[in-house]
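K.L.:
Can you look at this prediction? I've put the sequence above it.
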Amino acid sequence: MDRLDWNLLRTFQVIVQMQSISAASARLHLTQSAVSQALRRLETQLDRKLIERSGGHFYLTSSGQHVYDIAEAVNGDIARLPLLLSSVDNDVVGEIKVLAASRILSDAYDGFWSHFRSRFPAINVHLEVMRSDDIIDTVKTATATIGIGLAPRPVKGLERHFFLRQRYSMYCGVHHPLFDSDSVGLEALANEEFVSFSSDMIGGSLSPLTIFRDQHGFTGKVIATSPDYDEIVRLLVAGYGIGCLPQHSADVEVARARLKKLPPDGGICDIELYLLWKKDALTLAGQAFVDEFIRYMDRFNEDERAKCSDFSC
């Protein structure tokens, strides 16, 4: 058999769907003669009678039914080609370095990484955890491609896109005197010593926490600091002082009876996480990450982004 002309399959498919040569010709914007010739050419190539017409009746032969089923499958696959090709992009290659704040607990965030891997399998990723102020400095110098961290104010030279809002609250640890107190008011915290993130200073990414302490007349000294969430928890549990933590992750330690939530009940403040990048320094792979991250996250509202079904959330 000569090479099969796929256009003949398409014409045959329409003939069967319309149950008429004339109706098929109108659908395909061809003459009836052209449609009839296409049917005859297909039957000749396959050496099979595909359609029987008798007494005004139109029906498929057994071979015709098989060919129609194949035509449906083939043309369906052709119609899906743009979608199939758009779902995987092997043309974008390269490596990106992503710096992220610690303890980003979000189903949407986890889902994005799986989605990005499927969408861009030829892009290699180096993912590193870093304090937010260092993320900003590193992305500004183009040493890293992209950052995901705290950025309460616009940063000159960087683009940013809102990702996630974290609520911060005050906590003490199991070895702190306030842990076993039945009733603790905000005034009881005024003279307590503090465990603080290194960035918890005026101008730092967590400076709203400093502002809150100053506004409420807290006079206790900062006696322990760390840039790392887990080490802050360690110091709080050890009884070094009270401190502020993101509520969504600290409440895990509350459930484990290692930390106790302190006033005010509504928390201290909201700190926002942003996607950060230097626009004129993005590679093709970096631009693909930024575009896909924004597109993917825009599918979720703020509450959905903050949702985490993992047992540790």
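P.N.:
Okay, I see it.
K.L.:
any idea how far residue 62 is from residue 50?
P.N.:
Counting by CB to CB, to the nearest Å, the gap from residue 62 to residue 50 is 10 Å. For the C-beta atoms, the positions are set from N, CA and C on the backbone; glycine is no exception.
K.L.:
neighbour count winner among those two?
P.N.:
residue 50 (21 against 10; other CB atoms under 10 Å).
K.L.:
Quick check: residue 247 vs residue 259, distance?
P.N.:
Using CB to CB, residue 247 is found at 11 Å from residue 259.
K.L.:
okay, now residue 170: neighbour count?
P.N.:
26.
K.L.:
Check whether it really touches residue 189, as I assumed.
P.N.:
Yes - with contacts counted by CB atoms under 8 Å, residue 170 reaches residue 189, the gap being 6.8 Å.
K.L.:
which neighbours do those two share?
P.N.:
242, 262-263 (CB atoms under 8 Å, 6 or more residues apart in numbering).
K.L.:
Now the element after the helix or strand where residue 134 lies, going C-ward?
P.N.:
Using DSSP states H and E, residue 134 sits within helix 132-140. Later in the chain than helix 132-140, the nearest helix or strand by DSSP H and E is strand 146-150.
K.L.:
What pairs with that following strand, parallel or antiparallel?
P.N.:
Note on strand 146-150: by DSSP bridges, its sheet partners are strand 94-100 (parallel), strand 269-277 (antiparallel).
K.L.:
could you dump it to PDB, C-alpha only?
P.N.:
Below are the C-alpha coordinates for strand 146-150, written out as PDB (Å, rounded to 0.1, in the frame of the first residue of the first chain):
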ATOM      1  CA  ILE A 146      15.500  33.900  42.300                       C
ATOM      2  CA  GLY A 147      14.600  34.400  45.900                       C
ATOM      3  CA  ILE A 148      11.500  33.600  48.000                       C
ATOM      4  CA  GLY A 149      11.600  35.400  51.200                       C
ATOM      5  CA  LEU A 150      10.400  38.300  53.400                       C
END
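K.L.:
who's in contact with the residue sitting nearest the centre point of the chain?
P.N.:
The chain has residue 112 as the residue nearest its centroid, 2.9 Å off, counting by CA atoms, centre = their mean. Going by CB under 8 Å, 6+ apart, residue 112 touches 292-293, 296-297.
K.L.:
One more pass at 7 Å, please.
P.N.:
293, 296-297 (CB atoms under 7 Å, 6 or more residues apart in numbering).
K.L.:
From the residues you listed, pick the one nearest residue 7.
P.N.:
residue 296 (38.6 Å; CB to CB).
K.L.:
Tell me the spacing between the closest one and residue 120.
P.N.:
Between residue 296 and residue 120 the computed distance is 12 Å (CB to CB).
K.L.:
Of these two, which one has the most company?
P.N.:
More crowded of residue 296 and residue 120, by other CB under 10 Å: residue 120, with 22 against 17.
K.L.:
Quick check, the more buried one in contact with residue 288.
P.N.:
Yes - using CB atoms under 7 Å, residue 120 makes contact with residue 288 at a distance of 5.7 Å.
K.L.:
Low-confidence stretches in the stretch 51-200 of the chain?
P.N.:
55-56, 79-90, 199-200 (pLDDT under 70).
K.L.:
Now do the helices in it.
P.N.:
For the stretch 51-200 of the chain, helices defined by DSSP state H, counting those that start in this stretch occupy the ranges 62-87, 107-119, 132-140.
K.L.:
got those helices as JSON lines, with distance to residue 174 columns?
P.N.:
Formatted as JSON lines, these follow (distance: least, CB to CB, whole Å):
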{"stretch": "helix 62-87", "distance to residue 174": "50"}
{"stretch": "helix 107-119", "distance to residue 174": "30"}
{"stretch": "helix 132-140", "distance to residue 174": "28"}
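K.L.:
Of all those, which one is nearest residue 4?
P.N.:
Taking CB to CB, helix 62-87 is the member of the helices of the stretch 51-200 of the chain nearest to residue 4, at 10.0 Å.
K.L.:
Just send the shared contacts of residue 170 and residue 189 back as CSV, with neighbour count, distance to residue 283 and pLDDT too.
P.N.:
Converted to CSV, the shared contacts of residue 170 and residue 189 look like this (neighbours: other CB atoms under 10 Å; distance: CB to CB, whole Å; pLDDT from 0 to 100):
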residue, neighbour count, distance to residue 283, pLDDT
242, 24, 44, 94
262, 24, 46, 93
263, 16, 48, 92
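K.L.:
Can you list which of these are found in strands?
P.N.:
Cross-referencing the shared contacts of residue 170 and residue 189 against strands under DSSP state E gives residue 262.
K.L.:
No more questions from me, cheers.
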